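Q: I'd like to go over a predicted model; first the sequence, then the structure.
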Amino acid sequence: MLSFDVNGRKIGKGHPVFVIAEVSANHGQDFDRAVKMIEKAKECGADAVKFQTYTPDTMTIDVNNKYFQVNHHQWGGQTLYQLYKKGNTPWEWTVKLKKICDDLGIIFFSSAFDKTSVDLLEDLNVSMHKISSFEIVDLPLIEYVAKTKKPLILSTGMASSQEIKEAVDTARGAGAEKLLLLKCVSSYPASPEEMNLKTIPDMAAKFECPVGLSDHTLSNTVALTSVAVGAVAVEKHFILSRKITTPDSFFSIDQEELKELIESIRTAEKALGGVHYGVTNEEKGNLNFRRSLFVVKDIKAGEKFSEDNIRSIRPGNGLMPKHQYEVVGKKAKKDIKKGSPLKWTHIR
């Protein structure tokens with residue numbers, strides 16, 4: 001399925017890019033900030049706002065051996081359990097956040113990380129689900145969420161073509177007909193030179209479904225470029241202010257940058273347009289600036305046209321320059337004054 005509908009919003013080729021404002025851990029476990037982020041995402045023009053539904057216990061176990069130590073330039077110095085304890089969205093918020101989104105007219109959805117989080121989101125009757133890049137190899141989880149038959153987003157960071165195929169086949173086999181894949185580099189932040197955006201159209205052709213971008217780079221350039229190569233959706237982490245520090249703030253754009261990104265995407269969509277040759281509506285008034293054949297010396301009736309008395313010049317009121325060789329050597333029907341656009345009626 002190359003396009004599908006979510007709450008009346010078409011996602012896929014031929015439809016406006018579906019923009020997802022990713023809150024992730026940027027609420028800093030402050031409910032009022034989470035609400036403010038939803039409001040700002042709506043103001044900025046986002047189509048959807050996304051959260052993450054997990055607890056430290058649904059993600060990992062509280063063990064402090066070498067396997068559970070985080071090795072990352074920003075997140076290091078703690079265990080996985082400690083990291084997810086700081087970053088999770090309290091589950092009791094979820095029903096309130098969804099209602100706020102519903103009231104504002106922005107789509108609410110969340111990444112599910114285990115069966116209990118899927119169940120929680122299903123109890124709220126969310127309109128779509130997402131599986132993160134790190135969970136794309138968890139085929140039992142994908143099968144479980146696909147059985148809801150809701151639209152499903154699969155993020156593909158780190159995944160090989162074979163792993164994506166296995167995830168897509170599992171999802172479709174379990175009943176998910178509405179699939180959106182997100183090209184992604186699961187590095188925080190990601191480098192533009194590693195994005196390989198040309199994979200987007202290849203992925204769309206290979207897996208016969210719409211493909212977008214989950215972007216962890218530090219600017220808007222990559223996300224905007226993805227639209228030019230066919231991305232039908234863009235997901236971007238954002239934060240209210242650069243002054244706020246959260247586990248994910250170091251690779252997130254602020255609300256002003258989110259607004260600029262969405263405005264730029266809408267402009268890019270207009271600029272991409274369709275295949276067109278010839279004069280556009282705005283160009284019609286400038287046709288006069290083309291060159292055409294004009295009489296540049298007074299010509300008497302019966303006098304031959306030559307390269308000396310007619311020339312290709314601006315403006316464009318005369319015969320097109322391609323007719324110059326047809327005209328040279330022929331005779332004038334009547335007297336023609338210098339500065340007259342040459343017409344077929346002038347020629348014998």
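A: Structure's in. What do you need? Residues are numbered from 1 along each chain as shown.
Q: For residue 213, which three-state class applies?
A: Three-state assignment for residue 213 (DSSP: H, G, I helix; E, B strand; the rest coil): strand.
Q: which residues touch residue 122?
A: With contact set as Cβ atoms under 8 Å, 6 or more residues apart in numbering, residue 122 has these partners: residue 148. Glycine gets a C-beta too; all of them are placed from N, C-alpha and C.
Q: doesn't residue 81 fall inside a strand?
A: No. Counting by three-state DSSP, residue 81 falls outside a strand, being helix.
Q: So it versus residue 65, what's the distance?
A: 12 Å (Cβ to Cβ, to the nearest Å).
Q: So these two - more neighbours on which side?
A: The neighbour count for residue 81 versus residue 65, taken as other Cβ atoms under 10 Å, is higher for residue 81 (18 against 7).
Q: And for the nearest residue to that one once chain neighbours are set aside, the neighbour number?
A: Distances taken as Cβ to Cβ, 6 or more residues apart in numbering put residue 62 closest to residue 81, at 4.4 Å, once the chain neighbours are dropped. Neighbour count of residue 62, defined by other Cβ under 10 Å: 12.
Q: Skip the chain neighbours and tell me the closest residue to the spatially most distant residue from the centre of the chain.
A: Largest separation from the mean C-alpha position in the chain: residue 302, at 65.1 Å (Cα atoms, centre = their mean). Closest residue to residue 302 apart from its sequence neighbours, by Cβ to Cβ, 6+ apart: residue 331 at 5.5 Å.
Q: count of residues packed around the one you found?
A: Neighbourhood size, residue 331 [other Cβ under 10 Å]: 14.
Q: Hmm, it is touching residue 304, no?
A: Yes. Using Cβ atoms under 8 Å, residue 331 makes contact with residue 304 at a distance of 5.6 Å.
Q: before we move on, the earlier item: hang on, isn't the residue nearest to residue 81 packed against residue 79?
A: Yes. In this structure residue 62 lies within contact range of residue 79 using Cβ under 8 Å: 7.4 Å.
Q: What are the boundaries of the helices in the protein?
A: Applying DSSP state H to the chain gives helices spanning 31-44, 56-59, 80-87, 94-104, 115-123, 139-146, 161-173, 199-207, 221-228, 255-272, 324-327.
Q: quick one: average pLDDT of the fourth one?
A: Across helix 94-104, pLDDT averages out at 98.
Q: Over to the longest one?
A: Along helix 255-272, the predicted local confidence has a mean pLDDT of 97.
Q: now stretch 71-86
A: Computed over stretch 71-86, the average pLDDT equals 93.
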